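Engineer: Here is the input, now give the coordinates:
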Amino acid sequence: MKKFYVLICFFYILSGNAFSKDPMKIVYFDNFQPFSWQENHKMQGILIDVLNEALQKRMGIPLIHEGFPWERAQLLVKKNEADAFATVPTPARLEYTVVCKEPVINSTFTLFVNKNNPRINELKAVKNLSELNKFKLGHYIGSGWAKKNLDKMDIYWCGKLDQTIEMLSRNRIDAFIDVSQVVRYNVKKLKHEDVIIELPTIFDKSPFCLCIGKKSGYSNILNKFDETMKKMEADGTLEKIYQKYK
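Structural biologist: Numbers count the residues shown, from 1 in each chain. Now for the predicted structure:
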């Protein structure tokens, strides 16, 4: 009888249904609406809803969601004090994480400007990133995309995303380029739609992927996660979640 139970446990583990015994701790940027933000001590947003559906509901993995300033959140995964985050994979992040193939959401990067900026016509003429080097840009600390693409430009670094938008609303910076869905949502939330406009040129497209720390006990779940995400796209679940935040 004892051997029988040992065999059951062995095959249970091999089946892929047994994960790390501790809940999977996923960390987020705590001020990145509508993708992730903290309200009343609880994380919410597109990333949280998608990962709850895929990992917790469909794959049976218990989750803990925690929000931090973005640079700190990434450091927690790097130090193996958290299991994962969802963001744009960069060479720096790939050094310490393994990444899914099926994105949690696809993002576009567009330019946001103050319509009262005296250089508005120059800004409207910008068609590639290199042309931004003659302007004062704003961004938030911890953005891997900005470090990779805007590193040598004149950037005023803010502690939070909404601080960057406030700087733009006051014409303290010329432009802010980041994830279109996120900036658009926050401009509306902060009631700056009357002065901040989005220009139509798309400068980049990037997938937000589940990035799991290489030392995490959950680093082996990505194949099943990708299969689950494909099913969620096929049955319309992903689009329903996205629509909630438009």
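
Engineer: Next, count neighbours for residue 209.
Structural biologist: Using other CB atoms under 10 Å, residue 209 has 24 other residues around it. Where you see a C-beta, it was placed from the backbone N, CA and C, and this is true even at glycine.

Engineer: Contacts for stretch 196-206 next, please.
Structural biologist: Contacting residues not belonging to stretch 196-206 are listed as 88, 106-115, 123-124, 126-129, 145, 149, 165, 168-169, 177, 180, 183-184, 187 [CB atoms under 8 Å, 6 or more residues apart in numbering].

Engineer: Among those, name the buried ones.
Structural biologist: 88, 107, 109-114, 123, 126, 145, 149, 165, 168-169, 177, 180, 183-184, 187 (16 or more other CB atoms under 10 Å).

Engineer: Cross those against strands and list the overlap.
Structural biologist: 107, 109-114, 177 (DSSP state E).

Engineer: what's the most distant pair in those?
Structural biologist: 107 and 114 (22.7 Å; CB to CB).

Engineer: For the chain, which strand extends over the most residues?
Structural biologist: The chain, longest strand under DSSP E: strand 196-213.

Engineer: List the neighbouring strands of it plus their orientation.
Structural biologist: Applying DSSP bridges, strand 196-213 is found paired with strand 84-87 (antiparallel), strand 97-99 (antiparallel), strand 105-114 (antiparallel).

Engineer: what angle do the following helix or strand past it and strand 196-213 make?
Structural biologist: Next helix or strand after strand 196-213 toward the C-terminus (DSSP states H and E): helix 222-234. Helix 222-234 runs at 140 degrees relative to strand 196-213, counting by axes from the mean of the first three to the mean of the last three CA atoms, to 10 degrees.

Engineer: mean confidence score for helix 222-234?
Structural biologist: For helix 222-234, the mean pLDDT works out to 98.

Engineer: wait, doesn't residue 153 sit right on residue 137?
Structural biologist: Yes: at 5.8 Å, residue 153 counts as touching residue 137 under the criterion of CB atoms under 8 Å.
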